[in-house]
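In: here is my input, please return the structure:
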Amino acid sequence: MKTFVLSTESGVQKPANYKIEYQKQLNDAQYKAVMAGNGAHLIIAGAGTGKTRTLMYRVARLIEDGLHPNRILLLTFTRRAAREMLDRAGSLLDDRCKRVRGGTFHHYCAHILREYASEINLNPNFTILDSSDTQEVLQHVRLPFKEKNKGQRFPEKSTLYGLFSAMTNRELTLLEALSELYPQFIHFHEDLVQLHKSFLAYKELNNLVDFDDLLQLTKELLESNEAVRTKVAAQNEAVLVDEYQDVNKLQVSLIRLFSSVHKNVVAVGDDAQSIYRFRGADHTGILQFPEMFTTKSIIKLEQNYRSTQPILDVANALLSQASLKYEKNLFTEKKTGELPGLVKTSTEQEQSQFLAQYILHLREQGVALQDVAILFRNSRDSFDVEIELNRRGVPYVKYGGQKISEAAHVKDILAHIKVVVNSSDVISWNRILMLIDGIGPKSAAELMIWMQGNSNAAPSKAYIDKIDELTKLISSIKKKQNQVQHCMQQLLEYYAPICKKKYDDYPKRIKDLEALVSMANQFEDFEKLVQDLTLDPIDGTALDTEATQKEENPLVLSTIHSAKGLEWHTVFIIQCLDGVIPSGYSVDKPENLEEELRLLYVACTRAAEQLFITYPIVLESGFGDYFSNPSRFIAGMSEKMLEPWNLVRETPQVDEGNQQLLN
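Out: As a prediction, this is how the structure comes out:
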């Protein structure tokens with residue numbers, strides 16, 4: 001059977017005059033993107049160049065041209081983003097914009113599967129599993145395989161979830177995903193193949209569909225059923241995709257299927273802001289768009305409405321170092337402004353002192369705390385800063401990572417310290433006893449009774465040996481509590497093998513603990529350390545710290561990944577060191593190194609008025625102090641672009657210029 005599709009848009013008589021004065025409301029590049037005709041178009045929207053504005057005006061223009069709203073498909077990465085965009089478009093034109101089919105890939109695919117489930121022998125009343133539900137299913141199906149490999153470390157449910165999700169979204173084989181993400185488990189390949197089959201069978205038997213299945217099953221449906229593909233794609237006379245730099249391979253395949261009849265696709269994104277490879281995003285997707293969709297035009301939005309030109313000059317200098325990119329040069333009408341500052345400090349503690357003091361200075365100058373952000377590569381990079389802010393009573397909220405004492409591995413270490421400070425701390429004893437192989441809650445309770453001399457029932461020799469090792473460690477540390485950093489290093493050496501057994505991602509956790517050891521020298525004794533680092537239980541799952549003044553909104557601390565899409569008056573990028581940004585894990589692979597460069601670009605372009613890049617010369621660890629190097633990405637920048645700041649201790653006289661005081 002042949003199919004002929006009637007296009008409504010081609011027969012529409014376009015109005016002579018639009019209700020919206022597009023040319024007056026948009027700059028030249030935005031106007032070109034909004035008015036681009038049929039076919040595939042790629043809009044490269046640099047940071048702060050009005051990407052959302054351009055998309056919503058294009059939606060309005062399509063509707064003004066007579067295209068029915070339900071013939072427009074707007075794909076975003078959150079439903080909230082789609083809703084806000086369509087609401088804004090509606091305020092420009094009218095409520096027709098709100099009837100556009102907008103939402104996430106998962107939302108749209110779920111709609112398709114409900115309608116055509118029978119075509120792939122799927123019950124349309126399937127239950128959608130969220131990530132935690134999916135992991136519980138994995139926990140169930142992994143038990144026989146864990147039992148089979150008793151005595152060996154078998155992947156946890158969260159590891160399996162990440163592994164199987166990577167297979168689906170990045171279109172990898174299990175062996176490829178294992179080799180790239182979890183090479184330490186590659187010897188379980190055959191068992192994991194069978195486990196994956198069991199996982200799929202369990203979901204099929206129980207009519208369950210997880211997030212990844214929504215995409216994969218929709219792709220299989222549309223590829224295997226020509227009639228359904230044609231019917232679905234015929235409804236999509238215009239497909240618009242937001243944040244295209246974040247799509248993965250599976251999503252690219254779906255976009256091609258969704259637009260396969262009319263072939264009208266507008267993708268908006270910034271290759272320079274592709275920073276989510278760890279979530280499956282594929283940077284090559286936006287680079288390959290012209291070939292994948294036979295693109296009619298590539299339109300670049302380069303006029304920035306957020307930052308001053310000196311900040312953009314640094315961002316452009318970073319982009320010039322990339323090899324896989326679309327050439328662009330950000331510019332603004334805000335030509336003047338302070339040069340971004342490069343602040344070299346002697347230690348991490350001095351870096352923290354500078355940050356806290358300068359932020360309070362900004363506050364006195366009228367810049368609200370909420371308009372200032374401290375950005376960092378890893379959550380642990382802010383540990384020392386958090387301590388200094390707490391000491392000075394500066395309220396802050398932290399995004400993109402746990403507080404120091406919220407992470408399980410840090411809690412493990414703190415539990416050891418707590419029993420040094422208070423030998424009657426039953427909760428901490430319980431925690432550290434259960435770190436010993438074979439000891440569960442019941443055994444731990446019995447052991448504590450025995451250790452207190454209240455039971456004659458001695459435990460097995462295997463337990464006694466382990467407990468003896470633990471109690472000797474605690475006793476040794478008690479005798480030298482004033483040597484906090486040395487004792488912390490001793491604890492880390494004891495705990496490292498436990499951490500390795502307990503957590504699949506132990507290398508990252510060990511780095512957290514090394515950071516904890518390096519900052520331990522700030523404390524006179526363990527009691528002060530515990531007091532400063534232990535949060536009240538009510539805040540155990542919170543990401544923010546209560547403001548000391550309820551009426552004052554807090555300073556923002558954030559990982560760079562969590563800061564994307566946001567902006568502040570002043571931004572501090574801290575720990576800008578080689579080995580941190582770029583990460584030491586990235587330097588061996590060019591594609592990973594390029595993503596680290598893009599990460600720093602994203603951080604810089606969050607700043608509107610002031611930008612500071614800071615790093616300490618000397619880093620401390622339990623193995624001694626060592627010299628660091630600034631990030632290779634900024635090492636060659638001119639002082640006329642990235643201005644060095646000199647920090648001096650307070651004296652009776654103050655030099656002029658950019659010489660700042662620490663107290």
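
In: centre-most residue in this protein?
Out: With distances taken as CA atoms, centre = their mean, the chain has His561 as the residue nearest its mean C-alpha position (4.0 Å).

In: that residue and Ile581, how far apart?
Out: 12 Å (CB to CB, to the nearest Å). C-betas here are computed from N, CA, C, even on glycine.

In: which neighbours do those two have in common?
Out: Listed as contacting both His561 and Ile581 by CB atoms under 8 Å, 6 or more residues apart in numbering are Leu599.

In: picking that back up, now do the contacts for the residue nearest to the centre of the chain.
Out: Ile275, Tyr276, Gly400, Leu599.

In: cutoff 6 Å now
Out: Contact analysis of His561 by CB atoms under 6 Å, 6 or more residues apart in numbering lists Gly400.

In: kindly report the same for the one 4 residues further on.
Out: Contacts of Gly565 were listed using CB under 6 Å, 6+ apart, and none were found.

In: which SS class is it?
Out: coil (DSSP: H, G, I helix; E, B strand; the rest coil).

In: and the gap between it and Val571?
Out: Counting by CB to CB, the gap from Gly565 to Val571 is 14 Å.

In: chain neighbours aside, what residue packs nearest to Gly46?
Out: Once flanking residues are discounted, Gly46 sits nearest to Leu330: 5.0 Å by CB to CB, 6 or more residues apart in numbering.

In: please work out how many residues are found near the one you found.
Out: Using other CB atoms under 10 Å, Leu330 has 24 neighbouring residues.

In: that one touches Ala45, doesn't it?
Out: No - counting by CB atoms under 6 Å, no contact exists between Leu330 and Ala45, whose distance comes to 10.7 Å.

In: SS state for Thr218?
Out: helix.

In: who's in contact with it?
Out: Cys109, Ile112.

In: just give the closest residue to Ala607, not the sequence neighbours.
Out: Closest to Ala607 by CB to CB, 6+ apart is Val571, at 3.8 Å.

In: so which helix or strand takes in that neighbour?
Out: When elements are assigned from DSSP states H and E, Val571 belongs to strand 568-573.

In: buried set for that strand?
Out: Trp568, Thr570, Val571, Phe572, Ile573 (16 or more other CB atoms under 10 Å).

In: surely the second one and Gln370 touch.
Out: No - using CB under 6 Å as the test, Thr570 is too far from Gln370 to be in contact (11.1 Å).

In: where does the closest residue to Glu333 other than its chain neighbours fall, phi/psi-wise?
Out: Distances taken as CB to CB, 6+ apart place Gln303 nearest to Glu333, at 7.8 Å, with adjacent residues excluded. Reported as degrees, to the nearest 10, the phi and psi values for Gln303 are phi -80, psi 120.

In: please verify my assumption that Gln303 contacts Leu26.
Out: No - here Gln303 lies out of contact with Leu26, judged by CB under 6 Å, at a distance of 10.4 Å.

In: against Ala563, how distant is the closest residue in space to Val367 that isn't next to it in sequence?
Out: Counting by CB to CB, 6+ apart, His569 is the residue found nearest to Val367 once chain neighbours are left out, at 5.5 Å. From His569 over to Ala563 the distance is 14 Å, taken as CB to CB.

In: same check on Ile474?
Out: Using CB to CB, Ile474 is found at 41 Å from Ala563.

In: follow-up on the earlier one: who is the residue nearest to Ala607 paired with across the strands?
Out: According to DSSP bridges, the residues that bridge with Val571 are Ala373, Leu611.

In: quick check: pLDDT value at it.
Out: Residue-level confidence at Val571 comes out at 97, pLDDT.

In: okay, now the unreliable bits of the stretch 301-450 of the chain?
Out: 401-406, 424-425 (pLDDT under 70).

In: dump the residue contacts of Arg509.
Out: Contacts of Arg509 by CB under 6 Å, 6+ apart are His409, Cys499, Tyr503.

In: let me know the helix or strand that it is in.
Out: Assigned by DSSP H and E, Arg509 falls in helix 506-518.

In: so what pLDDT did Met451 get?
Out: On the pLDDT scale, Met451 gets 69.

In: list the contacts of Tyr161.
Out: Counted by CB under 6 Å, 6+ apart, Tyr161 has contacts Gln135, Leu138.

In: picking that back up, comparing Ile474 and Ala563, which residue is more hemmed in?
Out: More neighbours surround Ala563 than the other of Ile474 and Ala563, with 23 against 17 (other CB under 10 Å).

In: next one: that one relative to Ile186, how far apart?
Out: Ala563 sits 35 Å away from Ile186, going by CB to CB.

In: again with Ala201
Out: For Ala201 relative to Ile186 (CB to CB), the value is 24 Å.

In: could you do Gln522 as well?
Out: 41 Å.

In: which one's more surrounded, these two?
Out: Gln522 (19 against 11).

In: low-confidence ranges, the chain, go.
Out: Within the chain, the stretches with pLDDT under 70 are 1-16, 401-406, 424-425, 451-463, 527-528, 530-551, 620-626, 651-663.

In: ok, 50 please
Out: Scanning the chain for pLDDT under 50 picks out the ranges 8-13, 535-550, 654.

In: how close does the nearest residue to Leu92 once chain neighbours are set aside get to Leu339?
Out: Among residues not flanking Leu92 along the chain, Ala60 sits closest, at 5.0 Å (CB to CB, 6+ apart). According to CB to CB, Ala60 and Leu339 sit 40 Å apart.
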